[in-house]
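>>> the amino acid sequence is not available; the structure is as follows:
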């Protein structure tokens, strides 16, 4: 009884020791594109392995024991050729995944291989590293695709790597670009739209009116030359009249009000309140109209905008105005809103630290009566109810637009004049009495001259800067330091804002102890 119990204890200890020293199951070993796979049956850790084969390439499996059977799960992907019991060739035929098992003469498994067949990207990786120095790009194969991972210095390097991979794969759709650009790069664009528009208009005209009786026959003659460019005088108040005729029909319409407002004295001493044959001895009168008009328009817009490389940013300082888009049977007008003002849209791409590609679209627009469209009042009758609906007319304003759209490349801090315009338009019209108006001196009394001269100079300047974020304390706004004035400052000094001393703790400014801050003059 005691002997059998002791034997049982010894057997238990022997079994426990055996289990304690039993080796763990072998873990698969990963090899990428091996040329030769050496396997020893005395090393259980290499009994199961993972290998990656390049497409249309082969590897040699060297064994230290004879293999009798080789099983490949998918011979279309990998083909096994047994040259000797200890040397087997594996040929990669098609991209994909499969596995292979090797057995000895007793049926025991010698080796298990998990095989992944993909394109060999070693040459592509070497080419990318040689042509894009300073980059950290890893090229991997995924079935029939190429995956690019890592980071590059700029977007241009990323594009170059993708182009090389696309040529290698034969199809750009088989390239997966997962490259990241080292560090976020922001671009600030500064645009200046400067325009000077000068307008000069001159009008000079003389209109004559004459009434006389020759041999008992009344004769009336007059000229009423209108200025041809605009069809009328720029300002009727600029005319002057000399003399008065004795025939009502010889007085132009624009002179009748002048005579009515300045009644003449009749023979009996009464005031004549309406236009009648006058009693002045003059029978010739003339109206001289002369005007010089000079206009100057100065437009300056400076929009600034910041965006991340590769992203589109838009800016608009202005508003929207309604534009009718349709009208229903009831006369109701539907409208759409159009933008106007100072607009900027751009997409920056940082190609390298010294090159920035910009797609820019900028415009300055304002409402204008020139080219405006007017809808007259209309009346519509409903055929069912017979109700008549009257729709009042409206005027749709036009836009005066300065727009530039282009793509340029420039370094950080560089500037370009992307657009420019110099326009000079001269118009001149002469209206005269035929024949008499060509006389050297007296002809000036029978003709009118209308002259217009327009000169426009426009330039659009852009500057790009690579910028980095900063702290809020280093930024300033137009409203910083603004203070409302007190009632005595407004009443006694006419200040719209408070004037204060500079902060002594701040940096020394020009002007010593003079008032600083918001000063409106």
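Looks like it arrived, so ask away. This is a predicted model, so every value here is computed, not measured. Numbering: from 1, shown residues only.

>>> is residue 496 in a helix, a strand, or coil?
Under DSSP: H, G, I helix; E, B strand; the rest coil, the three-state class of residue 496 is coil.

>>> ok, it touching residue 483?
No - with contact defined as Cβ atoms under 8 Å, residue 496 does not count as touching residue 483 (10.9 Å). The C-beta positions use only the backbone N, C-alpha and C, and glycine is treated the same way.

>>> contacting residues around the residue nearest the centre of the chain?
Centroid check for the chain by Cα atoms, centre = their mean gives residue 345 as the closest residue, at 2.1 Å. By Cβ atoms under 8 Å, 6 or more residues apart in numbering, residue 345 lies in contact with 312-315, 360-362.

>>> the helix or strand where residue 337 lies pairs with which strands, and in what direction?
Taking DSSP states H and E as the definition, residue 337 sits inside strand 333-352. Strand pairing for strand 333-352, determined by DSSP bridges: strand 313-327 (antiparallel), strand 355-375 (antiparallel).

>>> shaky segments in the stretch 201-350 of the chain?
Residues of the stretch 201-350 of the chain meeting the criterion pLDDT under 70: 230-232, 235-283, 329-331.

>>> you'd agree residue 443 is in a strand?
No - counting by three-state DSSP, residue 443 falls outside a strand, being helix.

>>> renumber starting at 29 from here on
Sure, I'll start numbering at 29, so the last one becomes residue 471.

>>> what's the burial count for it?
Using other Cβ atoms under 10 Å, residue 471 has 14 neighbouring residues.

>>> what's the spacing between the nearest residue to it once chain neighbours are set aside and residue 230?
Nearest residue to residue 471, sequence neighbours excluded (Cβ to Cβ, 6 or more residues apart in numbering): residue 465, at 4.8 Å. According to Cβ to Cβ, to the nearest Å, residue 465 and residue 230 sit 18 Å apart.

>>> same check, this time on residue 138
With Cβ to Cβ as the criterion, residue 138 and residue 230 are 108 Å apart.

>>> so for the two, which residue has more residues nearby?
Using other Cβ under 10 Å, the more surrounded residue of residue 138 and residue 230 is residue 138, with 21 against 16.

>>> residue contacts, that one?
Counting by Cβ under 8 Å, 6+ apart, residue 138 has contacts 67, 69, 75, 91, 93, 95, 130-132.

>>> by neighbours, which of the residues you listed wins?
Busiest of these [other Cβ under 10 Å] is residue 130, holding 23 neighbours.

>>> tell me the mean pLDDT for the helix or strand containing that residue?
Under the criterion of DSSP H and E, residue 130 resides in strand 124-131. Averaged across strand 124-131, pLDDT comes to 89.

>>> can you list the neighbours in contact with that strand?
67, 89, 91, 95-102, 105-106, 108, 116, 118, 137-145, 171.

>>> swap the cut-off to 6 Å and go again
For strand 124-131, contacts defined as Cβ atoms under 6 Å, 6 or more residues apart in numbering pick out 95, 97-102, 105-106, 137-145.

>>> which among the residues you listed end up buried?
95, 98, 100, 102, 105-106, 138-141, 143-145 (16 or more other Cβ atoms under 10 Å).

>>> make CSV from those and add distance to residue 335 and pLDDT to it.
Converted to CSV, these look like this (distance: Cβ to Cβ, whole Å; pLDDT from 0 to 100):
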residue, distance to residue 335, pLDDT
95, 64, 87
98, 61, 89
100, 55, 90
102, 51, 89
105, 48, 90
106, 51, 90
138, 62, 85
139, 58, 87
140, 55, 88
141, 52, 88
143, 48, 89
144, 42, 87
145, 44, 87
